[in-house]
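In: Got a sequence here, can you build the structure:
(chains A, B, C and D)
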Protein chains: 2
Amino acid sequence: MCDEKTGRESLISKAKNGWQCVQEEVIRRIQTRVWEPGSLLPNEVDIATEFGCARSTVNRALQAVADKGLIERKRKGGTRVVIHPEHKATFNIPIIRQQIEQQDLEYGYSLIKTRHAIPPAAVRDRLPDDVSEEILHIRAVHTADGLPYVLEDRWIDTRVVPSADEADFSAQSPNQWLLENIPYSGGTLRLSSENAKAADAKALSCDVGDALFIAERLTLTAERETITIVRLCYAPGYQMAIEL
Amino acid sequence: MCDEKTGRESLISKAKNGWQCVQEEVIRRIQTRVWEPGSLLPNEVDIATEFGCARSTVNRALQAVADKGLIERKRKGGTRVVIHPEHKATFNIPIIRQQIEQQDLEYGYSLIKTRHAIPPAAVRDRLPDDVSEEILHIRAVHTADGLPYVLEDRWIDTRVVPSADEADFSAQSPNQWLLENIPYSGGTLRLSSENAKAADAKALSCDVGDALFIAERLTLTAERETITIVRLCYAPGYQMAIEL
DNA sequence: GAGTGGTCTAGACCACCCT
DNA sequence: GGGTGGTCTAGACCACTCC
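Out: Below you'll find the model as predicted:
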């Protein structure tokens, strides 16, 4: 099943499974420019014939390659090698508590304050409608072995999630509470870098001006309503590692 | 095909396609805790019977849900709802030039220096074997409308990629050259934040101490040999946006 | 209109792994 | 041993879109 036209077993292939084997060979041909960038691949039937397998096996393989961003497929248009292949990576958005405990550190959490307020312009800009009402605002610190790890500054739209008003955020972080109680659907993540302001420095026990890693996340319901906007300020030295 | 036991068409479902419809319903049941975290799902045959479709359709749907990280599947063990579903996100690792041009800015590139040297300890630590030979070191700046955008500080293992010695990096950035000439396979990406050092500030026309967004990338061949280590220092104000 | 990929089906065999 | 998911097959129909 891993043979080519020659009938010899491919010595390169690592997987004997079938569609994964086809996938490997396809990727190899793209990388080695047997199939050049921008060019058209043979159709599924022809590839299936060449590999001596069913069309659906080839289909599975090509869909996987397409998911990786190496090829584009169109009905009638055929399958084409992408010109500028962007590397795609998938990573997990970490749950703070797990992230800390995975490093064998003791997780801690302390609420700084909760209040209802009209969000500042910087937050309102990212909300779909203009918020003139007061919504829930929470500030809290997550600690690892007692040391500040990340500062959580969160706005929850209580018009969308009224039950948040009854939650006890002194015992459970809003991060955790939302994950366990509100179905997520999608959103946006923005990573950036900022110098610590006085308030940040105080909460994170670092110096004013220190470079902080910032993750700002917007979370939506399935109906595209904004649940929450959170700004996570990680203490200096934090790294986010992603396998490619 | 989108019916439940009731026989009524699901009003919620948006996709009529088949496996995507099954997928939606499965996700809905997980989110609404019809199938609770940690619990076992019915086996594929039973689900197929309930939905009135073939097992392979259910298989396709469940594999997709598993890819999203909501369920775990084991042979004989069955399919289980993951206890702490981590949000998984996929994003594109940007090609610098494209990234700039997509914002309708004029891309520019200027080489600072190339040389052969023994990498410093911080870089050697991340290489698999201990490098005692001199390898290729390149520093360059990418600009947007003439303003520094990102500082590229790269080490290329010329024992793995000897052809890099012949490349002309004054005309083409190593970023681009590698993408176009060397097949990638995998690696690691680390995102972090650092205060600008004097050399960084000079190259990026910013102030010493400014918070810089750092992306450090290790790239490997299919044989797990290290091709290159690059450290990208983005100018202040940079944001990396990811859709979830 | 016609060729392509997208999907579904019914059946089959196998690898894994829990009990 | 037996139940589960993983995969393959051969055939079929459909949706899209290029020509």
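In: from here on, contacts and neighbour counts on C-alpha atoms
Out: Fine.
In: For chain A, give the residue positioned nearest to DNA strand D.
Out: Of all residues in chain A, the one sitting closest to DNA strand D is A:Gly18 (2.6 Å; CA to the nearest atom of the strand).
In: isn't that residue right up against A:Asn59?
Out: No: the criterion here is CA atoms under 8 Å, and A:Gly18 misses it with A:Asn59 at 11.6 Å.
In: what's across from the closest residue to chain B within chain A in the sheet?
Out: Sorted by distance to chain B under CA to the nearest CA, the residues of chain A start with A:Thr90, at 4.0 Å. For A:Thr90, the beta-bridge assignment (DSSP bridges) gives partners B:Thr90.
In: what about it, neighbour count?
Out: Neighbour count for A:Thr90, taken as other CA atoms under 10 Å in any protein chain shown: 13.
In: just to revisit the earlier point, and the residue of chain A closest to DNA strand D, how far from A:Arg97?
Out: When distance is defined by CA to CA, to the nearest Å, A:Gly18 is 40 Å away from A:Arg97.
In: Also A:Ile229?
Out: From A:Ile229 to A:Arg97 the distance is 19 Å (CA to CA).
In: tell me which parts of chain A are close to DNA strand C?
Out: A:41-45, A:56, A:59, A:63, A:73-79 (CA under 7 Å from any atom of the strand).
In: Among A:Ile229 and A:Arg97, which residue is more densely surrounded?
Out: Legend: neighbour count by other CA under 10 Å for A:Ile229 and A:Arg97, higher for A:Ile229 (24 against 19).
In: Hmm, the more buried one is touching A:Leu220, no?
Out: No: with contact defined as CA under 8 Å, A:Ile229 does not reach A:Leu220; the gap is 9.3 Å.
In: Next one, pLDDT for A:Phe91 please.
Out: Reading off the confidence values, A:Phe91 has pLDDT 87.
In: Which ones among the residues of chain A next to DNA strand C map onto strands?
Out: Of the residues of chain A next to DNA strand C, the ones assigned to strands by DSSP state E are A:73-74, A:78-79.
In: export those residues to CSV and tack on distance to DNA strand D and neighbour count?
Out: Listed next are these as CSV, based on distance: CA to the nearest atom of the strand, whole Å; neighbours: other CA atoms under 10 Å in any protein chain shown:
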residue, distance to DNA strand D, neighbour count
A:Arg73, 10, 16
A:Lys74, 6, 8
A:Gly78, 8, 13
A:Thr79, 11, 20
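In: Turn the residues you listed into TSV, including pLDDT and distance to B:His137.
Out: Shown next, in TSV, are these (pLDDT from 0 to 100; distance: CA to CA, whole Å):
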residue	pLDDT	distance to B:His137
A:Arg73	97	39
A:Lys74	96	42
A:Gly78	97	42
A:Thr79	97	39
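In: Show me how chain A divides into domains.
Out: A:4-81, A:96-234 (automatic domain parsing).
In: Out of those, the one nearest B:Glu86 is which?
Out: domain A:96-234 (9.2 Å; CA to CA).
In: does chain B sit close to the closest one?
Out: Yes: using CA under 8 Å from any CA of the partner chain, domain A:96-234 comes into contact with chain B via A:183, A:186-195, A:209-213.
In: Go through those residues and name the one nearest B:Lys68.
Out: A:Gly186 (12.2 Å).
In: just checking, the closest one touches A:Thr226?
Out: No: look at A:Gly186 against A:Thr226 with CA under 8 Å: they stay out of range, at 9.7 Å.
In: any residues in contact with both of these two?
Out: A:219-220 (CA atoms under 8 Å, 6 or more residues apart in numbering or on different chains).
In: which of the two has more neighbours?
Out: Legend: neighbour count by other CA under 10 Å for A:Gly186 and A:Thr226, higher for A:Thr226 (22 against 19).
In: for the closest residue to that one other than its chain neighbours, what are its contacts?
Out: Leaving aside its sequence neighbours, A:Thr226 sits nearest to A:Leu220 (CA to CA, 6 or more residues apart in numbering or on different chains; 4.6 Å). Shown in contact with A:Leu220 (CA under 8 Å, 6+ apart): A:184-187, A:226-228.
In: related to what we said a few turns ago, name the member of the residues of domain A:96-234 next to chain B with the most neighbours.
Out: For those, neighbours tallied by other CA under 10 Å; top is A:Leu212, 31 neighbours.
In: just checking, that one is part of a strand?
Out: Yes: with DSSP: H, G, I helix; E, B strand; the rest coil as the criterion, A:Leu212 is part of a strand.
In: Bridged to it, which residues?
Out: Counting by DSSP bridges, the residues bridging with A:Leu212 are A:Glu194.
In: Tell me the spacing between it and A:Ala144.
Out: On the measure of CA to CA, A:Leu212 and A:Ala144 end up 17 Å apart.
In: cool, A:Arg55 as well?
Out: 53 Å.
In: Between those two, tell me which one has more neighbours.
Out: A:Ala144 (20 against 17).
In: which residue sits closest to that one in space, ignoring its chain neighbours?
Out: Per CA to CA, 6+ apart, closest to A:Ala144 is A:Tyr107, 5.0 Å.
In: How about A:Asp207?
Out: Closest to A:Asp207 by CA to CA, 6+ apart is A:Ala201, at 5.4 Å.
In: Buried residues of the host helix or strand of that neighbour, list them for me.
Out: Assigned by DSSP states H and E, A:Ala201 belongs to helix A:198-204. For helix A:198-204, burial by neighbour count (16 or more other CA atoms under 10 Å in any protein chain shown) applies to A:200-201, A:203-204.
In: where in chain A is pLDDT low?
Out: A:1-17 (pLDDT under 70).
In: what ranges do the helices span in it?
Out: A:19-31, A:44-51, A:55-67, A:96-101, A:121-124, A:174-181, A:198-204 (DSSP state H).
In: So which elements touch the first one?
Out: When contacts are defined as 3 or more CA pairs under 8 Å, 6 or more residues apart in numbering or on different chains; DSSP states H and E, helix A:19-31 sits against helix A:55-67.
In: which residues touch the helix it packs on?
Out: A:18-20, A:22-23, A:27, A:44-45, A:47-48, A:71-73.
In: Give the buried residues for that helix.
Out: A:55, A:57-66.
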